[in-house]
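# Build the 3D model from these lines:
(one chain, ligands or ions: 2)
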Amino acid sequence: MKRNILITGGAGFIGSHVVRLFVNKYPDYNIVNLDKLTYAGNLENLKDIESAPNYAFVKADIADLDEMRRVVVEHKIDGIIHLAAESHVDRSIKDPFTFARTNVMGTLSLLQAAREYWESLPEKYDGKLFYHISTDEVYGALELTAPEGIESPFTTVASSEHHHAYGEDFFLETTKYDPHSPYSASKASSDHFVRAYHDTYGMPTVVTNCSNNYGPYQFPEKLIPLFINNIRHHKPLPVYGKGENVRDWLYVEDHARAIDLIFHKGKIAETYNIGGFNEWKNIDIIKVIIKTVDRLLGNPEGYSDELITYVTDRAGHDLRYAIDSRKLQRELGWEPSLQFEEGIERTVKWYLENQEWMDRITSGAYEQYYESMYAKR
Ligand code: NAD
Ligand code: DAU
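Numbering: from 1, shown residues only. Ligands and ions are numbered 1, 2, ... in the order given. Below you'll find the predicted structure:
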């Protein structure tokens, strides 16, 4: 079936994996990637598919309502997968207004543009979908009731030798919202607007809340790529607080697969949690990263351990995130396909083999890529 799908934030980390998956898997779909190309947007992430006949790129700001109206009408959009956002917690602490503008007003503008267009059509909302990508951070933080870890109650393909849970509680789709950072507050607000557009106007919507992603093309301000790059340059590794915080890690391609499945098979107005069944304390994951990078670079074991540097904690630092994604497993048959050991090996290798990608970002040169590729068209 022919479809015209708008993917926002497709030049970012997760968005680029979603765009690649859809462009390659669905030659009959027209995929429009809309991205403002902020510091986090990098069209080099999509080099391999940029000339595909079913792919188009639009540089635009989701908070520009008139521009959103124009794009959805011009491309006759019938499905939206909305990933564009300001995504880094530390930046939100320094500059909360940018997060409110993009994540709240941007999402609202996109919803409104879609609503006006879809309501103007004879078939109205029939066959339409607004799919909003959100985060587990909206649920707040869980207690760390088992600091040494207990056996995780979840058994999946992702279960590995390290199969720990650090408490008995998990985030469910019904868990009360309790955001703590300006980032998570802005994402929570956007989730509420999406649900309000369903309840008030009857717009077909779906929301998913996912745990921490890792893998290729992640901007090196986030823990895993930042630390891989710092180890390569033998620079300090700033561990916030005591390194005791727990995150639930999911390989990014598994998230993209879940998005594909939910976009096609998810139930309207539902929420699905997506997680890795894979909890790690920061300090433990940092040790795995150090060991892997050292081995792949041919350094003696323990060579980079001295880089670990404990620094002042992040303000309002959430202690533990842990997703229960069994609803998605049960209802749509999704589970992570990759064990963490394999995912982290692939990820470290990718960053070490793609040092030019990393160097162009850290030098700022990637911003010129758009100018050279698209400005002349
Ligand atoms: P990212 O920061 O790597 O990419 C965000 C993209 O959005 C960039 O390409 C950027 O240019 C674009 N963008 C930002 N502001 C925009 C605006 N005003 N208009 C148009 N485009 C704009 O983010 P990511 O890590 O890929 O996250 C993508 C989405 O997934 C976000 O909504 C985030 O909240 C959510 N999420 C991320 C994770 C994670 O671990 N990274 C986990 C769960 C949910
Ligand atoms: O849980 C999903 C969220 O995961 C997404 O919604 C966010 O967009 C994404 O950025 C991520 O948020 P985190 O704050 O968990 O990710 P980050 O990589 O910034 O940090 C991971 C953990 O590592 C966190 O406990 C803070 C810690 N940390 C991070 C950095 C950058 C450090 O100790 N040192 C660092 O330098």
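
# Return the backbone torsion pair for the closest residue to residue 90 other than its chain neighbours.
The shortest distance from residue 90 to any non-neighbouring residue, by CB to CB, 6 or more residues apart in numbering, is to residue 314 (6.5 Å). Bear in mind the C-beta positions are built from the backbone N, C-alpha and C, glycine included. Backbone torsions for residue 314, taken as degrees, to the nearest 10, come to phi -60, psi 140.

# so residue 314 sits right up against residue 241, yeah?
Yes: using CB atoms under 8 Å, residue 314 is in contact with residue 241, at 7.5 Å.

# Right, and ligand 1 sits closest to which residue of the stretch 251-377 of the chain?
In the stretch 251-377 of the chain, the residue that lies nearest ligand 1 is residue 255 (7.4 Å; CB to the nearest ligand atom).

# Give the burial count for that residue, as a bare number.
Counted by other CB atoms under 10 Å, the residues lying close to residue 255 total 26.

# mind listing what it touches?
14, 17, 210, 213, 274 (CB atoms under 8 Å, 6 or more residues apart in numbering).

# how close does it get to ligand 2?
From residue 255 across to ligand 2, the span is 10 Å (CB to the nearest ligand atom, to the nearest Å).

# Identify each buried residue in the one helix or strand that residue maps to, please.
Here residue 255 sits within helix 252-265, counting by DSSP states H and E. Across helix 252-265, burial judged by 16 or more other CB atoms under 10 Å covers 252-263.

# would CSV of those residues with pLDDT and distance to residue 342 be doable?
Shown next, in CSV, are those (pLDDT from 0 to 100; distance: CB to CB, whole Å):
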residue, pLDDT, distance to residue 342
252, 98, 14
253, 98, 12
254, 98, 11
255, 98, 16
256, 98, 17
257, 98, 15
258, 98, 18
259, 99, 21
260, 98, 21
261, 98, 21
262, 98, 24
263, 98, 26
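
# surely residue 343 meets residue 216?
No: with contact defined as CB under 8 Å, residue 343 does not reach residue 216; the gap is 10.7 Å.

# interface residues of the stretch 51-200 of the chain facing ligand 2?
Contacts of the stretch 51-200 of the chain with ligand 2, taken as CB under 6 Å from any ligand atom, map to 87-89, 135-137.

# Any chance of JSON lines for those, columns secondary structure?
Below are those laid out as JSON lines (DSSP: H, G, I helix; E, B strand; the rest coil):
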{"residue": "87", "secondary structure": "coil"}
{"residue": "88", "secondary structure": "coil"}
{"residue": "89", "secondary structure": "helix"}
{"residue": "135", "secondary structure": "strand"}
{"residue": "136", "secondary structure": "helix"}
{"residue": "137", "secondary structure": "helix"}
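
# so which of the residues you listed is the most crowded?
Within these, most neighbours by other CB under 10 Å means residue 136, with 27 neighbours.

# And that residue, how far from residue 187?
Separation of residue 136 from residue 187 (CB to CB, to the nearest Å): 10 Å.

# thinking again about what came up before, please pick the buried ones from the contacts of residue 255.
Taking 16+ other CB under 10 Å as the criterion, what is buried in the contacts of residue 255 is 14, 17, 210, 213, 274.

# Which ones among those residues lie within helices?
Secondary structure defined by DSSP state H assigns 14, 17 of the buried ones among the contacts of residue 255 to helices.

# Tell me which two of the buried ones among the contacts of residue 255 sit farthest apart.
Spatially, the most separated pair among the buried ones among the contacts of residue 255 is 17 and 274, at 13.4 Å (CB to CB).

# in what helix or strand does the residue located most distally from the centre of the chain lie?
Taking CA atoms, centre = their mean as the measure, the residue most remote from the mean C-alpha position of the chain is residue 122, 34.7 Å away. Using DSSP H and E, residue 122 falls within no helix or strand.

# same deal with the one 10 residues further on?
Using DSSP H and E, the element containing residue 132 is strand 129-135.

# Give me the residues contacting that strand.
14, 78-83, 107, 110-111, 114, 184, 187, 190-191, 194, 197, 203-210, 259, 262-263, 266, 268.

# With stretch 45-61 instead?
Here stretch 45-61 makes contact (CB under 8 Å, 6+ apart) with 10-13, 16, 19-20, 23-24, 26-37, 43, 67-68, 71, 75, 106, 217, 370, 373-374.

# Please go through the protein and pick out the longest helix.
Max-length helix for the chain by DSSP H is helix 182-201.

# what's the angle from it to strand 129-135?
160 degrees (axes from the mean of the first three to the mean of the last three CA atoms, to 10 degrees).

# Check what pLDDT residue 371 gets.
Residue 371 is assigned a predicted lDDT (pLDDT) of 62.

# so where do the helices sit in the stretch 251-377 of the chain?
Using DSSP state H, counting those that start in this stretch, the helices found in the stretch 251-377 of the chain span residues 252-265, 282-297, 326-332, 340-353, 355-363, 367-374.

# So for the fifth one, what gets flagged as buried?
Looking back up the chat, that one is helix 355-363. Neighbour-count burial for helix 355-363, counted by 16+ other CB under 10 Å, picks out 357-358, 360-361.

# Pipe the residues you listed into CSV and attach distance to residue 52 and pLDDT per row.
Compiled in CSV, the buried residues of helix 355-363 are given as follows (distance: CB to CB, whole Å; pLDDT from 0 to 100):
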residue, distance to residue 52, pLDDT
357, 20, 95
358, 25, 95
360, 23, 92
361, 24, 92
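
# restrict those to those near ligand 2?
Of the buried residues of helix 355-363, not one also sits near ligand 2 (CB under 6 Å from any ligand atom).

# Helices of the stretch 1-150 of the chain, start to end?
Applying DSSP H, counting those that start in this stretch to the stretch 1-150 of the chain gives helices spanning 13-25, 65-74, 89-94, 96-99, 107-120.

# right, is the shortest one up against ligand 1?
No: no part of helix 96-99 sits near ligand 1 under the criterion CB under 6 Å from any ligand atom; the closest distance found is 8.4 Å.
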